[in-house]
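Participant: Sequence first, predicted model second:
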Amino acid sequence: MRALVPPRALLHKSGMATEGEEAGSRMPPGARLRHGMRQAGRAIVDYALPPRCPACGTIVGADRQFCLDCWSSLDFLGGPACARCSIPLPSAVPGGDLECGACLADPPPFEGAPAAVAYGPAARTVALRLKYGRRVGHARLMAGLMLAPLRALAGEGEALLVPVPLHRWRLWSRGFNQAALVADALTRLSGVPHDHDLLLRVKATPPMRGKGKRERARIVAGAFALAPGAKERARGRHLILIDDVHASGATLRAAARILRRSGAARVSALCWARVVPDAATGNLFDFAALDSDMQSERMTG
Ligand SMILES: [Zn+2]
Ligand SMILES: [Zn+2]
């Protein structure tokens with residue numbers, strides 16, 4: 001299968017080969033030998049473990065690259081959307097921000113919640129492989145595609161990335177927080193700093209499988225708290241919650257509500273994938289189908 005090279009700026013592989021070649025020609029002999037051995041080692045690894053599409057596993061040309069089919073299937077959510085929660089809307093209003101009915105009826109405690117892509121088969125597989133398959137390299141892939149919405153969201157302000165925390169029991173059992181890995185990668189790519197310890201998850205929440213929007217909100221109520229010293233670090237800043245999947249928004253709402261008590265100037269959210277309504281069925285959030293993907297674990301959102 002032919003592999004598509006996504007825009008270079010997105011995957012941050014720009015000029016990798018040429019930089020290496022130029023660097024090689026300027027190096028002293030010892031460093032050049034080590035550089036050459038590293039390149040040879042990499043070639044051997046690539047031969048034994050060729051880069052694969054993060055969604056379907058097809059062999060592709062380089063790491064962190066989707067195959068053509070998966071790349072084409074990603075929905076980058078560029079159309080008209082709710083100014084508050086970023087759910088796609090059927091049409092835009094010229095010269096004004098439009099909010100969806102759900103946000104007008106019950107305004108979320110965050111200003112804007114863009115996502116890189118709509119939640120679909122390829123986006124879901126990437127998120128699941130990071131979370132349960134321990135493919136931690138996928139965090140950088142996700143961050144690369146979250147960079148454009150981050151830049152639009154963060155602007156020139158004093159932004160600070162705050163990953164949605166896991167309860168310490170889940171952190172011990174999983175060994176890492178996928179949202180924190182994505183925030184780290186975003187910091188490396190964008191220069192926007194992160195703070196892993198600003199927000200705490202003080203309540204272990206039961207699985208949200210099969211639960212509706214209201215029940216999810218009840219489950220995560222009281223799950224978050226500000227860490228000691230959070231107010232000094234957050235005052236006047238634009239806090240951006242980072243998470244993998246934005247489903248009902250219950251988790252983001254609960255976390256943002258607590259962050260607003262920190263004295264931050266603004267609170268918003270940025271996720272890898274956004275669950276969007278199914279236009280064909282009119283089903284706003286098909287949580288049953290969503291959660292069957294999520295095995296026995298709690299679904300974020
Ligand atoms: Zn693929
Ligand atoms: Zn909305």
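Facilitator: Received it, and whenever you're ready, just let me know what you need. Numbering: from 1, shown residues only. Ligands and ions are numbered 1, 2, ... in the order given.
Participant: Please determine how far the closest residue to residue 108 other than its chain neighbours is located from residue 263.
Facilitator: Computed as C-beta to C-beta, 6 or more residues apart in numbering, the closest residue to residue 108 that is not its neighbour in sequence is residue 253, at 5.3 Å. (Each C-beta comes from the backbone N, C-alpha and C, glycine too.) Here the distance between residue 253 and residue 263 works out to 19 Å (C-beta to C-beta, to the nearest Å).
Participant: Between those two, point out the one with more neighbours.
Facilitator: Comparing residue 253 with residue 263 by other C-beta atoms under 10 Å, the one with more neighbours is residue 253, at 22 against 15.
Participant: got a list of what the more buried one touches?
Facilitator: Applying C-beta atoms under 8 Å, 6 or more residues apart in numbering to residue 253 gives the contacts 108-110, 217, 220.
Participant: so which residue of the stretch 101-250 of the chain comes closest to ligand 1?
Facilitator: residue 122 (6.8 Å; C-beta to the ion).
Participant: Just give the closest residue to that residue, not the sequence neighbours.
Facilitator: Using C-beta to C-beta, 6+ apart and skipping residues adjacent in sequence, the residue nearest residue 122 is residue 55, 3.9 Å away.
Participant: what about residue 38, distance to ligand 1?
Facilitator: Distance of residue 38 to ligand 1, given as C-beta to the ion, to the nearest Å: 28 Å.
Participant: returning to that earlier point: the residue of the stretch 101-250 of the chain closest to ligand 1 contacts residue 68, correct?
Facilitator: No - applying C-beta atoms under 8 Å, one finds residue 122 not in contact with residue 68, separated by 11.7 Å.
Participant: So these two - more neighbours on which side?
Facilitator: In this view residue 122 and residue 68 are compared by other C-beta under 10 Å, and residue 122 has more residues nearby, 23 against 15.
Participant: Would you mark the buried spots in the helix or strand that the more buried one is a member of?
Facilitator: Using DSSP states H and E, residue 122 sits in helix 121-131. Using 16 or more other C-beta atoms under 10 Å as the test for burial, helix 121-131 gives 122-131.
Participant: Looking at those, spot the one nearest residue 153.
Facilitator: Nearest to residue 153 out of those is residue 123 (C-beta to C-beta; 18.8 Å).
Participant: what about the nearest residue to residue 121 once chain neighbours are set aside, how many neighbours?
Facilitator: In this structure, residue 121 finds its nearest non-sequential neighbour in residue 73, 6.7 Å apart by C-beta to C-beta, 6+ apart. By the criterion of other C-beta under 10 Å, residue 73 has 16 neighbours.
Participant: Could you check the pLDDT of residue 73?
Facilitator: Listed pLDDT for residue 73 reads 95.
Participant: give the contact list for it.
Facilitator: Contacts of residue 73 by C-beta under 8 Å, 6+ apart are 120-122.
Participant: out of the contacts of residue 253, who's nearest ligand 2?
Facilitator: residue 108 (7.2 Å).
Participant: Look at that closest one and say how many residues are nearby.
Facilitator: 21.
Participant: Wait, it touches residue 85, no?
Facilitator: Yes - using C-beta under 8 Å, residue 108 is in contact with residue 85, at 5.9 Å.
Participant: what about the residue lying closest to residue 192 once chain neighbours are set aside, neighbour count?
Facilitator: Leaving out its chain neighbours, the residue that sits closest to residue 192 by C-beta to C-beta, 6+ apart is residue 159, at 5.0 Å. Close neighbours of residue 159, defined as other C-beta under 10 Å, add up to 22.
Participant: likewise the one 5 residues further on?
Facilitator: Each residue near residue 164 was counted by other C-beta under 10 Å, and the total is 27.
Participant: Verify the stated contact: it with residue 240.
Facilitator: No - under the criterion of C-beta under 8 Å, residue 164 makes no contact with residue 240, lying 11.1 Å away.
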